[in-house]
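Engineer: Need coordinates for the following:
(one chain, ligands or ions: 1)
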Amino acid sequence: RLLIIDFGSQVTQLIARRLRELNVYCEIHPYNKVDDAFLQSFAPKAVILSGGPDSVTRAGSPRAPEALWSQGVPVLGICYGQQTMMQQLGGLVEHGHGTAEFGRAFVTPTADQLSILDGWFADGREQVWMSHGDHVSKIAPGFQVYGTSPNAPFAVTADPARHFYAVQFHPEVHHTPKGAQLYENFVKLAGFSGDWTMDAYREQAIAAIRQRVGDKKVICALSGGVDSSVTAILIHEAIGDQLTCVFVDHGLLRLGEAEQVVAMFRDNYNLNLIHADESELFLGKLQGVSDPETKRKIIGGLFIDVFQKYANGIEGAEFLAQGTLYPDVIESVSFSGGPSVTIKSHHNVGGLPEKMGLKLVEPLRELFKDEVRALGRELGLPASFIGRHPFPGPGLAIRCPGEITTEKLDILRQADAVYIDQIRKHGLYDEIWQAFAAILPMKTVGVMGDGRTYDYALALRAVTSVDGMTADTYPFTHDFLGETMTRIINEVKGVNRVFYDITSKPPGTIELE
Ligand code: XMP
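Structural biologist: Next up is the predicted model:
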């Protein structure tokens with residue numbers, strides 16, 4: 001395995017993604033947790049030092065553990081990682097002098113071909129992405145320069161005999177087009193064979209689950225989302241009927257969704273599934289509530305109570321399965337440390353295991369989202385299921401601003417189904433991160449046939465995004481929007497007006513509440 005020492009770069013996770021794409025297993029650990037003893041027990045086959053926001057020239061700034069340099073394994077330093085490598089090995093890093101560089105730059109070769117740059121410079125130079133204030137002004141003994149850019153004379157340096165490589169730019173970002181090639185060259189020379197595949201992972205995870213759980217019982221909250229579905233199927237493969245899943249149906253799901261989940265997991269996968277239809281309870285407690293945070297708190301609280309009630313009915317359960325992913329468990333390096341503002345309280349089951357005295361099984365803890373999808377395919381989940389847009393825990397409640405009523409929910413469900421059908425028919429579904437309809441808390445006047453109508457207005461939303469943190473409105477054509485409006489108004493009773501939400505995130509959020 002490969003160790004990534006994180007110095008706090010915004011893009012450290014991308015390094016891990018690039019390596020995983022090469023089927024190399026790697027882990028990210030913060031620099032302040034990686035000391036000589038850690039290095040020894042982790043025994044990495046290669047190490048990558050990430051970028052970071054600090055300055056090597058500042059006293060007390062982060063360093064790589066000294067033992068790293070005598071470990072005898074290949075080391076690749078990136079940006080801050082490059083600078084600390086130079087400084088620690090006897091070179092010099094300086095601040096300022098007008099050599100800061102942010103954005104696109106071009107690197108040209110300066111010496112013999114370096115193995116990590118195999119496949120580079122076909123056109124004599126290569127585009128890279130720079131983001132640095134400091135720069136190396138003297139390279140460490142034993143190192144040679146292999147690539148240079150106008151503002152970074154030491155853009156690529158290396159001591160090939162010791163397998164130390166250092167680059168000033170960021171090979172992990174999209175704007176360094178040959179970056180993936182650089183990583184591939186690096187892992188190849190470090191002796192990785194690329195055997196971290198989802199096929200291998202499946203076997204390994206099943207064995208690990210069997211060992212952890214033994215003959216005990218496991219319960220799992222199945223939502224029908226990709227993470228909890230893959231978790232449940234994987235555990236079911238490992239221990240069969242020792243697993244019971246509870247599907248809490250809060251009555252805020254999309255058209256036909258509850259039936260689909262039940263059919264798929266009971267009939268196709270033969271899973272022990274309790275369909276906890278508690279829609280009356282949830283909708284009852286939500287009656288008259290229109291404040292968004294109150295809605296979220298009510299749903300989150302009830303979810304835990306309901307899950308607990310059903311789980312308590314499963315005698316002898318000792319484990320709780322959760323679909324925790326790797327990005328949730330990576331310890332981050334925080335330099336600011338300030339509290340961040342709560343925009344929305346997210347729906348999850350945090351705190352449940354302690355409350356119920358259960359031990360955790362989290363078979364996806366080492367995986368990124370893309371890998372969970374690949375594992376899902378490996379486990380036979382249909383492609384249409386795996387590629388579904390994200391759906392929030394509080395469901396349609398947060399797509400129904402104002403008071404929630406069954407009438408509004410029915411209208412919303414039908415309109416959303418027509419809208420998604422339109423998107424699928426036009427082959428746009430996979431280009432969009434998330435699309436849904438919301439029902440607005442107002443009625444407006446319209447005219448249909450010769451009569452006056454006074455009905456609900458809908459908002460349609462569709463955004464592109466990479467991680468849900470920021471989003472852009474999807475640019476549908478007017479024809480598409482017009483056709484969709486006509487279909488919704490013709491097919492769904494109770495709607496006479498349709499808006500298209502053109503707000504990006506920020507300033508809007510993706511959901512309406
Ligand atoms: P916002 O509305 O905050 O949404 O821009 C960003 C992404 O998160 C989803 N979302 C949730 N997911 N529980 C979830 O599991 C929640 O409470 C929740 N609220 C928002 C939202 O659908 C979008 O993908």
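Engineer: Could you list the contact residues of this structure toward the ligand?
Structural biologist: 344, 346-347, 390, 392-394, 434, 468, 505, 509-511 (Cβ under 6 Å from any ligand atom). Placement of C-beta: from N, CA and C, glycine included.
Engineer: Buried by neighbour count, from the residues you listed: which ones?
Structural biologist: 347, 392-394, 434, 505, 510-511 (16 or more other Cβ atoms under 10 Å).
Engineer: okay, the residues you listed in TSV with distance to Y165, pLDDT and secondary structure next?
Structural biologist: Formatted as TSV, those follow (distance: Cβ to Cβ, whole Å; pLDDT from 0 to 100; DSSP: H, G, I helix; E, B strand; the rest coil):
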residue	distance to Y165	pLDDT	secondary structure
H347	44	64	coil
P392	43	95	coil
G393	44	94	coil
P394	48	96	coil
Q434	40	98	strand
K505	38	93	strand
I510	40	97	coil
E511	44	97	coil
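Engineer: any chance of those residues in TSV, plus distance to S384?
Structural biologist: Putting these into TSV (distance: Cβ to Cβ, whole Å) gives the following:
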residue	distance to S384
H347	24
P392	20
G393	22
P394	24
Q434	16
K505	26
I510	22
E511	23
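Engineer: Sheet-wise, list the partners of the helix or strand containing D455 with their directions.
Structural biologist: Secondary structure from DSSP states H and E places D455 in strand 451-464. Using DSSP bridges, the strands paired with strand 451-464 are strand 434-448 (antiparallel), strand 472-473 (antiparallel), strand 495-500 (parallel).
Engineer: For the spatially most central residue of the chain, list the residues it contacts.
Structural biologist: With distances taken as Cα atoms, centre = their mean, the residue of the chain nearest its centroid is K369 (5.3 Å). Shown in contact with K369 (Cβ atoms under 8 Å, 6 or more residues apart in numbering): 226, 325, 327.
Engineer: give me phi/psi at the last one?
Structural biologist: Read that as P327. phi -60, psi -20 (degrees, to the nearest 10).
Engineer: ok, it touching A16?
Structural biologist: No. Between P327 and A16 there is no contact under Cβ atoms under 8 Å: 9.4 Å.
Engineer: Now, of the contacts of K369, which are buried?
Structural biologist: 226, 325.
Engineer: Need the contacts of K369 in a markdown table (columns: pLDDT).
Structural biologist: Formatted as a markdown table, the contacts of K369 follow (pLDDT from 0 to 100):
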| residue | pLDDT |
| --- | --- |
| V226 | 95 |
| L325 | 91 |
| P327 | 84 |
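Engineer: Endpoint to endpoint, stretch 345-360 covers what distance?
Structural biologist: Stretch 345-360 has an end-to-end distance of 23 Å (criterion: Cα to Cα, to the nearest Å).
Engineer: repeat for stretch 390-398
Structural biologist: Note: stretch 390-398 ends 14 Å apart using Cα to Cα.
Engineer: mind checking how far it is from the chain centre?
Structural biologist: 18 Å (Cα atoms, centre = their mean, to the nearest Å).
Engineer: Give me the contact list for it.
Structural biologist: Outside stretch 390-398, the residues touching it (Cβ under 8 Å, 6+ apart) are 223, 225, 250, 252-254, 286, 292, 295-296, 299-300, 303, 346-348, 404, 409, 412-413, 433-434, 468, 511-513.
Engineer: So which of these are in helices?
Structural biologist: Among the contacts of stretch 390-398, the ones falling in helices (DSSP state H) are 286, 292, 295-296, 299-300, 303, 409, 412-413.
Engineer: residue boundaries of the helices in the stretch 51-200 of the chain?
Structural biologist: Per DSSP state H, counting those that start in this stretch, the stretch 51-200 of the chain carries helices over the ranges 80-88, 179-189, 198-213.
Engineer: let me redo that: the stretch 301-450 of the chain
Structural biologist: Using DSSP H, counting those that start in this stretch, helices in the stretch 301-450 of the chain cover 326-329, 352-356, 369-378, 383-386, 406-425.
Engineer: what angle do the longest one and strand 495-500 make?
Structural biologist: For the pair helix 406-425 and strand 495-500, the angle between their directions (axes from the mean of the first three to the mean of the last three Cα atoms, to 10 degrees) equals 50 degrees.
Engineer: ditto for the third one
Structural biologist: Orientation check (the same axes, to 10 degrees): helix 369-378 against strand 495-500 gives 120 degrees.
Engineer: quick one: buried residues of helix 369-378?
Structural biologist: 369, 371-376, 378.
Engineer: residue ranges for the strands of the stretch 201-350 of the chain, please.
Structural biologist: 217-221, 243-249, 272-277, 317-321 (DSSP state E, counting those that start in this stretch).
Engineer: Please identify which of those strands is closest to A459.
Structural biologist: strand 243-249 (25.3 Å; Cβ to Cβ).
Engineer: Do you know the pLDDT at F335?
Structural biologist: If you check F335, the pLDDT there is 59.
Engineer: actually N348, not the one I wrote
Structural biologist: 62.
Engineer: Equivalent analysis for the one 10 residues further on, please.
Structural biologist: At L358, the pLDDT value in this model is 92.
Engineer: who's in contact with the residue nearest to V447 when sequence neighbours are not counted?
Structural biologist: Nearest residue to V447, sequence neighbours excluded (Cβ to Cβ, 6 or more residues apart in numbering): T453, at 6.7 Å. Contacts for T453 were tallied using Cβ under 8 Å, 6+ apart; they are 445-447, 496.
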